[in-house]
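# Next input, structure requested:
(chains A, B and C)
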Amino acid sequence: MHDHGTLTPTVMTVQRIVEETPDVKTFRLAPVDVADGSWRHAFDSGQFGLFSVFGQGEAPFGLASSPTQVGYIECSIKRQGKVTDAFHALAEGDQVGYRGPYGRGFPYDELVRKNVVFVGGGIGLAPLRSLIWNCLDNRADFGDLIVVYGARSTGDLVYKRELDQWLARSDMQTVLTVDPGGQDEAWRGNVGFVPAVLEEVAPTVENTLVVTCGPPIMIKFVVQSLLKLGFAPEQIITSLEMKMKCGIGKCGRCNIGHLYVCKDGPVFSYAELKDLPDEY
Amino acid sequence: MSDRGNHQDAMRAAQTLAEMQPLLRETAHHLLSEGQVHGVLGFCETVTPGVVTPCLLRQPSECQKLVLNTACYHNLAGYLVGPDGLLKGARAERNAPLAIVARPGVLRTLVVLLQEQQIVREDIVVLGITDNTPIGLKPDVLLGELDRDFVGGSQHEELIARLQAMSTAERAAWWNARFAQCVRCYACRQVCPLCYCEQCVVDENLPQWIDKSDSVASNRTFLLVRAMHLMGRCVNCGACEAACPMHLPLGVLTTLLGKEVQTTLAFVPGSDGTQAPAALGCRIVAGRGEE
Amino acid sequence: MANKMLRLADVPALVEAMLAEAIVVGPSLSEQLSDEAPAALYNEIHAPHDLWLDSGRPAKSLKEFFFPPREVLFTYRLSETGVEVTEPELETRPRIVFGARPCDAAALPVMDQVFGWGEQDNTYFYRREHTTIVTVACDAPENTCFCTSLGGSPTGTAGADVLLTRLGDVYHVSVLSDKGAQLVAAYPDYFREASPALDLAQEDTARALEEQIVRKIDPAPIRDIAFDDPLWQELTQQCVDCGVCTFLCPTCHCFDIQDEGNEAEGQRVRLWDSCAFRDFTRMTVAQPRPEHYRRYRQRIMHKFQYYPTNFDAALCVGCGRCVASCPAGVDITEIISRLGASLAAREGE
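The predicted structure is shown next:
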């Protein structure tokens, strides 16, 4: 029966704000009434939530922290409109709204005992970061782990401290790249577009799943590269971005054909996507 | 549609629209077969008796579908402009203009759109119907002359008199009761050829000028802002009121604002193609202010 | 459940009795919309004479009583200690809809599917559970009605708790659900025993009324229509991208969520929205439906292909409001016929 509104968020405290790039910030959030670090939020990497600044509105963002993280959740937000502007104007200690987790996340169980290649572009690393830490926290359950991540310029790479940690680890391979012209003097990584770099890395196809997230145009070319490398559509997993209001399959604006990105996605395999109407 | 029968009452035609239909079909056929136009924007019948729908015909053989009668109240000029307008963008790709069926209200609308440089005269072939009112555009083909065509708001004269006799408080209450009924479907805006803004103020969210809610206050703001934006431009064609699913008397607003512009600026939108738009060439009539 | 009989003359007293215990909603003219063209609306009524049972099809559907055009989800207020979020109190008095059209009642189980799948929408179902629906059979269906093509009829029973069918100066009362039985039992002075002859008369009337629905469509082929059928671009050229059809539609349920207020206090509201609007799917970085025909295609496909794929029924009850009220004369029944014909022609090739 009616206990509380389906669309009413939990009030969260902004515990910490990290400026990742000039237009991306990461927000660490915990419910106001569980601020002691004991909060456990059950979700799957790849799921998302509706985050809101009261008075400015709500918008969907992928959960960027690992489900193994206790005490808080994180989301990374790129400044590009009304709600995201409002998030960027927040200070630590401010309160915001959160409801979630929603949608179908990455198929974690299917990844177990396989090699996993994470291919990210720009802010698209956010949901992958959740999965990468989730896998690293259960490292023994997986085969090879390879991260290929790129951004327009060195200044646009997110989670720089964590990228350094991943580069330093011997139990995973991390390949970073920036678009031509986006490098600075200190840059020691690759220069080139993500799909081209991915083709150079040429991960082994057998017993491997590829999880990719980034700008639609990058995903399109990454998929082409993967097919060229011999991956089957079923081995390619991605996450879509659509305008959403409810997050629970009712408001009617994120559908692609009969599927709702908020409910049936946002994670889809390329095998599923290629049969969907071209309207995303 | 039965509830739009009031259009018919306003028609006291020397010649009726239906009588002009054969000439329309013949002209459209000729223009298309000769390649003088790439399409004819007119009206076709629907399966529902008494309901017509705007249509764009491209083949001479289709011209028998064209109809002309009092149900043809939609302002076809709306299809020329706006983000999806038929005359937008691809102008260079076409080798012939578009013919448009235009009753007096549409003719006046075309004048305003020409003045506001939303369309180019050479892009249209006007199949016009005139009446005894001043119209600032000579049709390329005159389909016929009506005694006096329907003008939006003309059926509201009695209502306007009644409203003007009310106290301000009574009038506000009367309007608020109507504004409360608005469902914010934006049909009035969407059918209006002069609402061609690519970004409407009501859709802005940075800042949010007008709430999206259908509350009395925001409905009032929306409808009045729209009316004010059309002041000195609106030709009172009646399309907005005819489109309103809640039957709001929007013609009262357009009529009152039109009268104000006429009295203050001696300007009737669309009546004179050589006159500068009201907002550009404000001429204050003596007695209402300084020159 | 045993059917009953209600005398027309008893309706005012019955409604009076209901008003003492419940909120009553019905077709009425309580606020005349314009001086020229009055139309009935479903309104909360305050006296029996407000009801207008033979009004024809009300201008708007019944959906706003379950899914309001503007619903306050909560208010927020910034205090010393932080943000306080308060949800509005829901109406606790029971509600009776008296005199709904069968098509409007039939739309409710259709919407229940969407509001119920996955995470259930609490306020919607709270209102559903607190409302008993009494429909009245359509005496004079309009030429735009096509309910019989979608499983309904002028005496359709879907979504209703009680159906009244007028037979001269009495109503035949069909009791259709437990809620309906409770309602009828609560007013024994008015709901009287019905004779088997009255049941037979009701069946005859139902058949006669059904024959009055002359507009027919076959929505089944649309389940197979191609997303990229070239017909889509041509079919809906005249549509002006307004929200008339979606807002008057009893089954269209798409909504927006907006914050209204400032940093210190305000409300989060749920508002009706429409797939016809350009901004509906527009994001800062992308617009999946930039062209007009994509938006119209979404509406038709949602009703006759996507929703049926998910729920095995159409997202349409054939009320005909969109046909009657489209400012551009777009006719959904005509569009379905043309799509069906296009599909048949292609299969014939």
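
# so who does the spatially most distant residue from the centre of chain C touch?
Note on chain C: the largest separation between a C-alpha and the mean C-alpha position, by CA atoms, centre = their mean, falls on C:Glu80 (44.6 Å). Listed by CB atoms under 8 Å, 6 or more residues apart in numbering or on different chains, the contact set of C:Glu80 is empty. Every C-beta, even on glycine, is put in place using the N, C-alpha and C of the backbone.

# Check the burial of the residue nearest to B:Met246 when sequence neighbours are not counted by counting its neighbours.
Closest residue to B:Met246 in three dimensions, ignoring its sequence neighbours and counting by CB to CB, 6 or more residues apart in numbering or on different chains: B:Gln181, at 4.6 Å. By other CB atoms under 10 Å in any protein chain shown, 20 other residues sit near B:Gln181.

# Got phi/psi on B:Gln181?
When quoted as degrees, to the nearest 10, the phi and psi of B:Gln181 stand at phi -80, psi -20.

# what pLDDT does it get?
B:Gln181 is assigned a predicted lDDT (pLDDT) of 88.

# just the one 5 residues further on next, same as before
The model reports B:Tyr186 with a pLDDT of 95.

# from memory it sits against C:Asp279, does it?
No - the criterion here is CB atoms under 8 Å, and B:Tyr186 misses it with C:Asp279 at 10.6 Å.

# between these two, which one's more packed in?
Counting neighbours by other CB under 10 Å for B:Tyr186 and for C:Asp279 shows that B:Tyr186 has the greater number, 26 against 16.

# nearest residue to the more buried one other than its sequence neighbours?
Looking at B:Tyr186 with CB to CB, 6+ apart, the closest residue is C:Cys242, at 5.3 Å.

# need the contact list for that neighbour.
Taking CB under 8 Å, 6+ apart as the contact definition, C:Cys242 lies against B:Cys185, B:Tyr186, B:Ala187, B:Arg189, B:Gln190, B:Val191, B:Ala243, C:Ala276, C:Pro327.

# Which residues does the helix or strand where the fifth one lies contact?
Taking DSSP states H and E as the criterion, B:Gln190 maps to helix B:187-191. Residues outside helix B:187-191 that contact it (CB under 8 Å, 6+ apart): B:74-75, B:78, B:195, B:200, B:202, B:223, B:226, B:239-245, B:250, C:240-244, C:327-328.

# how about 6 Å then?
B:Gly78, B:Cys195, B:Ala239, B:Cys240, B:Ala243, B:Cys244, B:Leu250, C:Val240, C:Asp241, C:Cys242, C:Val244, C:Pro327 (CB atoms under 6 Å, 6 or more residues apart in numbering or on different chains).

# And stretch B:238-246, by the same measure?
Applying CB under 6 Å, 6+ apart, the contact partners of stretch B:238-246 are B:4, B:73, B:75, B:152, B:181, B:187-188, B:191-192, B:250-251, C:33, C:244, C:248, C:325, C:327.

# my hunch is that B:Leu224 is in a strand, does that hold up?
No - under DSSP: H, G, I helix; E, B strand; the rest coil, B:Leu224 falls outside any strand and is assigned helix.

# Now it: closest residue in space, sequence neighbours ignored.
Spatial nearest neighbour of B:Leu224, chain neighbours left out: B:Leu253 (7.6 Å); criterion: CB to CB, 6+ apart.

# do C:Leu231 as well
Nearest-residue entry for C:Leu231: C:Ser342, 4.9 Å, with adjacent residues in sequence omitted and distances by CB to CB, 6+ apart.

# For chain C, what's the nearest residue on the stretch 1-150 of chain B?
Going by CB to the nearest CB, chain C is nearest to B:Thr53 of the stretch 1-150 of chain B, at 3.1 Å.
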